[in-house]
Each structure stands twice: as structure tokens, then as C-alpha cells.
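Asker: Pasting the sequence and the predicted coordinates here, then a few questions.
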Amino acid sequence: MFKKLFYAMLLLSSITLVAQQRIITGVVSDESGPLPGVTIVVKGTTNGTETDFDGRYSISANKGDVLVFSFVGMKTLEEKVKESSVINILMEADSVLEEVVVTGYGSLRGKKAFSSGVIRIRGRNQIENRDSYVGRSENIFKSPINSPLSTFSIDVDKASYSNIRRMINNGQKVPKEAVKIEEMINYFDYKYPQPKGRHPFSITTEVVSTPWNKDTQLVRIGLKGKEYKEEKLPASNLTFLIDVSGSMSEQNKLPLLKSAFKLLVNQLREKDKVAIVVYAGAAGVVLKPTSGNEKGKILEALDQLKAGGSTAGGEGIELAYKLAKENYIKDGNNRVILATDGDFNVGASSNVAMEELIEKKRKSGVFLSVLGFGYGNYQDDKLEVLADKGNGNHAYIDTMQEAQKVFSKEFGGTLYTIAKDVKIQVEFNPKKVQAYRLVGYENRLLNDEDFVDDTKDAGELGSGHTVTALYEVIPVGVKSKFLKNLPKLKYTQNKKLDNFDDELLTVKFRYKLPKETKSIELVKIVKDEVLAPTNDMNFISAVALFGMQLSKSKFKNKSKIEDVLKLVEGELGEDKDGYRSEFIRLVKTYN
């Protein structure tokens, strides 16, 4: 009798809980109007969302839950869910400051680095802004006679797009140094086929007329990494390396970071293990390697993290790699996941020092994922160096939705590498091509001889990752303002090209399997055949053109925002997660 009563009460309690749960909606504004990009979290949970372009939001909550509303430069507000299902919020500025603008330049091994600072009185960017980016010189058109080869490392990083999206949503100006067109393109998925045969990725090519220049052609080269189901992924030895310095105290940094990592923890299996290393003024271990079936213990360790102190990033990296190496799983996935705003200021902290440090650690066989958080002090230039040199990838997380994308939808690609040191080399047929330029990848260029040098580092490809590269080509016989007079060469022999009349270019790929040191090469020939663009190609072209406009490219050819929208009008293709629709809204918002 007692058991029946107990179960009846338990059932009644469950029904009451379901009945209490409902969708809460509303609009968040400040004195100047609706606020896009405000983070809303159910206090004490990982349940979160953010406001759209009109300041509107929707979130599932129970009566009695507390909603936390946070936005950079605004006072964080808490609102208890009562009877009403509509909660509108008016946010107030955290402080009133006069506007100060600071810009500066530094260097990174011969490359310009750009940083800017802004403090504003009103509006949606009311904090000091010291974001820092590596400068880049846009790729220009080259002649296949003088420069027959184009060589570069793949790039699966996607941080630039989510960072740009955040800036546009917050009404900020996008500095051109923050725009990496290849990362914008690679943020999205495309219909590339699963690989067949012994190679871990498939290859897709396409040649179309360039949407922004009727006198040129656009060539797409796409890779698709083999997808593995979660249960078939090898055991993981993960070391979370978390920045808990004072600069991480803001709501969009450590609090968001902890909620994001909980998404990853909830996917761990019994055979996986996690350790947590933190660093501020010094580095320390807060959780020794713990099995994935002890999720409560891991989550408790995350919940106890608090921010304060200076930032000894170099010391943290040393300790994290030491712990990962001590617990190395043979034939497993051994990885350090670094989460920070990149503001290292104690010990080895310069870009050059961090590069040298991470290059040494790369030899351990431990891979690296770099996650950027926060804004106003986001050191993209440092994080790009770490990911590039550490056999890793780089993502920028500004919302729980982005955390869901990185840790749930792209779990395998984020954590499991299927091919490393992936290089691409393209040889153009001078009988067909007057000039060519690689769109983006400026910081991933390699010397031609690096292609066959197995000691040279290049990018990594994760399970299910897609990589896309675009070349803009000026065909032979076409006049173009971008063509320059070239000096005549005395010793170059004129080879007979009659046997290659139908070829536009030859593309070669080299890669290593994750545990190997010798690379494998494969070759694909692209025919001189211009076809009608696919939906994917139209969308890729739109993203590239928008990136060219944001970066003030000299090759955008007087194009306008309307030209970007025309490319995707009614032709989004498959968009089950809504990322392409979000891109269109973003373009419409930008002015």
C-alpha cells in the first residue's frame, strides 16, 4: 500500500512539474531600442538562449525559475518566472563613460597585428575594447607562367564567422583584420559526399562564372572528412585547460564557458576520461583524470571555478600537456581543450613565445582545440597561433547556441582528427589561365617546396569536417584591370600543351594519418568546363562576397549588399539547423 502511494505521489509530482514548464517569451530593450544578442539563461542550468535581431527571445522554464539577462556593458538582471508567460526586460547601462578610441599596431614575425580600443557612453558596445587580430595582405592575381603553383594549408577554423556575427548583432563596426573569408565559408556545411576507398576524405570541384566579375571564373575545391558515429569514436583522454584569470570574470566568459563545457561532459562515455587544469597567476590541477561515467564529479569541479588574478597562460599549457601525456591513450584521442579570451600576461605570453612553446608540445602526439570566449579583450591573434601550430582547431563561442554547434552537432570533428598536415597544391594550365588568385587563406600560405616536405606543419581535418577553397581565375584572352605586365623570361621553355587542352588545373593533396609521419598524396584534374552553379556554390559565393565587402577587398568590383542577397534568394538549399537563414538576416542587418 505504501509503495502504491509513493508512486502515485511521484507521478503527481511529475505531472505538476510538466504542467509548470512553459515557454517564456518577451523583448529585451535598452533606452535606444530592442537589444539583439542578449544572453538569457535559466539560473543554475545550461538552458539558455539569446535575443534575435528584434530583441525577442523564447525559452522553456518552470514557474519559480530565475532567468538571468546579461549583455556586455549592461547591468545583469534576474527575473523570477511567475504566472505570466511574457517577460519584457529594460536593461540599464553599467556605467556612463566618455568615448575613448585607441588603435595600435604591433608585429608577429613580420606580420602586422592590429588592436583597437573603444569605450562608449551609450549604445551596445559599452566596454573597453582591446580585441586583437593578425593583419593580412589580400592575395592578388598571379600568372601561372611566373608562379605556376599555389600552395596552402587547409583551415577548418570557424572562429571568424561567429565573431563577426557577434559584432554585427551588437551594432559594432567590423574591423577588416577580423575578417577571414575561408573561416566564414567553412562555418557552413555543404553537400559533399562521404569518402569511399582508402582516403579519409572526399574531393569535390566546381567551375562557374564569377558572380561579382563577368570576366572571371570561380573554382571551388571542397573536402569532406569521413564521419564516424559517436559510439565508434576511440576513447578520449581530454584535458580541459581553463583560463580563470580576472579578465574572465564577465558573464560572456567564464560563466558561459562553464555552461558550454557541461554540454561536452554530458556526451562523455565511460571509456573517456577528463582532467581539468586551470591557470590565473599560477596553474594547478583541480580535477585529476576522471571517467566519463562520473559526470557529477566533473560538473561539480566546473561549478566551483571562479575568476581572479593575472594570466600565466604558458604555465597552464605546460601543465596541461604534462597531464595529457601522463595519461596518454594509445590509439585514442588525446587532446588539450584550451578555453580563454587569449589575454596571457605572465611568463611566456608574447605571440612568438607562445608559438615556440606550442610547437614543442605538438611533438607529444597530443592535439589541441582552442576555444575563444568574450569580447572587448579577445586576443584572436594569439589563439590563431596556438591552433595553427598545435595541430588543432579554433572556434569562437559567444552564445550557448554556438556551444551547442561546437560540442554537440560537430562533436566528432571538434575532438577527433582523421588526417593531419593536410596541404593543397594547385597547378594551373597556362594555355587556359592568364592569372589566378586564392580567395582567403592569407595566413595559411606555404612555400611550394613545403608541399613535399613532411616536416612542415599544416592543418588538421576532423571527423565530418568540410573544407572549401575558392580560386578566382582570369581566362586566356580576357582583358582585365587586375592583369599586370610581366617581364619576359629568357630560360623558360615553351612546353607543348596540346595534350591538356581540356584541363583547367591539376590539384594535389598531401596528408598524414594521425599517428603517421609520412604523407600520402592524391591528385585530381579539373576540366575546363563552366557549368551552372549549384545551390551550394551560390551560397559559398555569397559568403565570400560578403567577406570581401567587410574586408574592403579591391576585388569586390563595386558589388553591394543587394548582390550578396541575390545569390541566395530562394536558393538556400538544405538548411535544417537554420544557419544559412541566419546568414541572410545578418547580411540584411549589416549597413
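Answerer: Arrived safely.
Asker: I'd like the next helix or strand past the longest strand seen in the chain.
Answerer: When the chain is parsed with DSSP state E, its longest strand is strand 417-428. Downstream of strand 417-428, the next assigned helix or strand under DSSP states H and E is strand 433-439.
Asker: neighbouring strands for the helix or strand that comes right after that following strand, and are they parallel or not?
Answerer: Using DSSP H and E, the next helix or strand after strand 433-439 towards the C-terminus is strand 459-462. Sheet pairing of strand 459-462 (DSSP bridges) gives strand 417-428 (antiparallel).
Asker: So the closest residue to residue 439 other than its chain neighbours, which state does it fall into?
Answerer: Nearest non-adjacent residue to residue 439, counting by C-beta to C-beta, 6 or more residues apart in numbering: residue 470, 4.1 Å away. C-beta: built from backbone N, CA, C; applies to glycine. At residue 470 the chain is in strand, as set by DSSP: H, G, I helix; E, B strand; the rest coil.
Asker: before we move on, the earlier item: just the mean pLDDT for the longest strand of the chain, thanks.
Answerer: For strand 417-428, mean pLDDT rounds to 93.
Asker: Phi first, then psi, for the residue minimising distance to the centre of the chain.
Answerer: The C-alpha lying nearest the average C-alpha coordinate of the chain belongs to residue 158 (C-alpha atoms, centre = their mean; 2.1 Å). With angles defined as degrees, to the nearest 10, residue 158 sits at phi -130, psi 10.
Asker: That one contacts residue 395, doesn't it?
Answerer: Yes. The pair residue 158 and residue 395 qualifies as a contact (C-beta atoms under 8 Å) at a distance of 5.7 Å.
Asker: between the two, what contacts are shared?
Answerer: Residues touching both residue 158 and residue 395 by C-beta atoms under 8 Å, 6 or more residues apart in numbering: none at all.
Asker: How about the residue nearest to the centre of the chain, nearest residue that isn't a chain neighbour?
Answerer: residue 187 (4.4 Å).
Asker: Please apply the same query to residue 141.
Answerer: Take residue 141 and drop its neighbours on the chain: the residue closest to it by C-beta to C-beta, 6+ apart is residue 435, 4.0 Å away.
Asker: Can you show me the strands along the stretch 201-350 of the chain?
Answerer: Assigned by DSSP state E, counting those that start in this stretch, the stretch 201-350 of the chain shows strands spanning 201-209, 217-225, 236-243, 273-279, 283-291, 333-340.
Asker: Tell me the gap between the longest strand of the chain and the middle of its chain.
Answerer: Computed by C-alpha atoms, centre = their mean, to the nearest Å, the chain-centroid distance of strand 417-428 equals 19 Å.
Asker: got the angle between it and strand 201-209?
Answerer: 40 degrees (axes from the mean of the first three to the mean of the last three C-alpha atoms, to 10 degrees).
Asker: per-residue confidence for the closest residue to residue 146 other than its chain neighbours?
Answerer: Distances taken as C-beta to C-beta, 6+ apart place residue 486 nearest to residue 146, at 5.9 Å, with adjacent residues excluded. Note on residue 486: pLDDT of 74.
Asker: Go ahead and confirm residue 486 touches residue 147.
Answerer: No. Residue 486 is beyond contact range of residue 147, at 10.2 Å (criterion: C-beta under 8 Å).
Asker: Next, count neighbours for the spatially closest residue to residue 534 that is not a sequence neighbour.
Answerer: The shortest distance from residue 534 to any non-neighbouring residue, by C-beta to C-beta, 6+ apart, is to residue 206 (6.6 Å). Per other C-beta atoms under 10 Å, the neighbour tally for residue 206 reads 19.
Asker: what's the spacing between residue 206 and residue 467?
Answerer: 14 Å (C-beta to C-beta, to the nearest Å).
Asker: Residue ranges in the stretch 101-250 of the chain under the pLDDT threshold?
Answerer: 101-130 (pLDDT under 70).
Asker: one more time with 50, if that's ok
Answerer: Counting by pLDDT under 50, the stretch 101-250 of the chain has low-confidence residues at 101-128.
Asker: ok, which stretches of it are helices?
Answerer: 159-169, 181-185 (DSSP state H, counting those that start in this stretch).
Asker: who does the last one touch, helix- and strand-wise?
Answerer: Packing partners of helix 181-185 (3 or more C-beta pairs under 8 Å, 6 or more residues apart in numbering; DSSP states H and E): helix 159-169, strand 466-475, helix 535-550.
Asker: Kindly reformat the ones you listed as a markdown table containing mean neighbour count and distance to residue 447.
Answerer: Output for these, formatted as a markdown table (neighbours: other C-beta atoms under 10 Å; distance: least, C-beta to C-beta, whole Å):
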| stretch | mean neighbour count | distance to residue 447 |
| --- | --- | --- |
| helix 159-169 | 24 | 24 |
| strand 466-475 | 22 | 18 |
| helix 535-550 | 23 | 25 |
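Asker: Residue 430 is nearest to which of the ones you listed?
Answerer: strand 466-475 (11.3 Å; C-beta to C-beta).
Asker: For the following helix or strand past the closest one, buried residues please.
Answerer: Next along the chain after strand 466-475, taking DSSP H and E as the criterion, comes strand 503-512. Neighbour counts over strand 503-512 (16 or more other C-beta atoms under 10 Å) mark 503-505, 507-512 as buried.
Asker: Apart from its neighbours in sequence, what residue is nearest residue 21?
Answerer: Closest to residue 21 by C-beta to C-beta, 6+ apart is residue 62, at 4.9 Å.
Asker: thought that neighbour was touching residue 23?
Answerer: No. Applying C-beta under 8 Å as the test, residue 62 and residue 23 come out as separate, 11.3 Å apart.
Asker: quick one, which of the two is more surrounded?
Answerer: residue 62 (15 against 9).
Asker: how far away is the more buried one from residue 26?
Answerer: Distance, residue 62 to residue 26, by C-beta to C-beta: 16 Å.
Asker: now swap in residue 368 and tell me
Answerer: For residue 368, the distance to residue 26 - C-beta to C-beta - is 40 Å.
Asker: go on, residue 569?
Answerer: Taking C-beta to C-beta as the measure, residue 569 falls 32 Å from residue 26.
Asker: Between those two, tell me which one has more neighbours.
Answerer: Higher neighbour count among residue 569 and residue 26: residue 26, with 21 against 12, using other C-beta under 10 Å.
Asker: my guess is the residue nearest to residue 439 contacts residue 220, does it?
Answerer: Yes. Using C-beta under 8 Å, residue 470 is in contact with residue 220, at 5.9 Å.
Asker: anything in contact with each of those two?
Answerer: Residues touching both residue 470 and residue 220 (C-beta under 8 Å, 6+ apart): residue 540.
Asker: now for the helices of the stretch 101-250 of the chain, which one comes closest to residue 254?
Answerer: With C-beta to C-beta as the criterion, residue 254 lies closest to helix 159-169 of the helices of the stretch 101-250 of the chain, at 17.3 Å.
Asker: and the closest one, what does it pack onto?
Answerer: Judged by 3+ C-beta pairs under 8 Å, 6+ apart, the packing partners of helix 159-169 are helix 181-185, helix 380-389, strand 392-397, helix 579-589.
Asker: If I average pLDDT within each of those, which one is lowest?
Answerer: Within the helices and strands packed on helix 159-169, the stretch with the lowest mean pLDDT is helix 380-389, showing a mean of 77.
Asker: Against which helices or strands is it packed?
Answerer: strand 132-134, helix 159-169, helix 351-362, strand 367-373, strand 392-397.
Asker: Who are the contact partners of residue 234?
Answerer: Neighbour list for residue 234: 329, 331-333, 416 [criterion: C-beta under 8 Å, 6+ apart].
Asker: same thing with residue 274?
Answerer: 238-240, 265, 268, 287, 289-290, 292, 298.
Asker: and with 10 Å instead?
Answerer: By C-beta atoms under 10 Å, 6 or more residues apart in numbering, the contact set of residue 274 is 236-240, 261, 264-265, 268, 287-292, 294-295, 297-298, 301-302, 337.
Asker: In the stretch 251-400 of the chain, where is pLDDT below threshold?
Answerer: In the stretch 251-400 of the chain (pLDDT under 50), the answer is 346-347, 349.
Asker: how close does the spatially closest residue to residue 254 that is not a sequence neighbour sit to residue 147?
Answerer: In this structure, residue 254 finds its nearest non-sequential neighbour in residue 248, 4.3 Å apart by C-beta to C-beta, 6+ apart. Distance, residue 248 to residue 147, using C-beta to C-beta: 45 Å.
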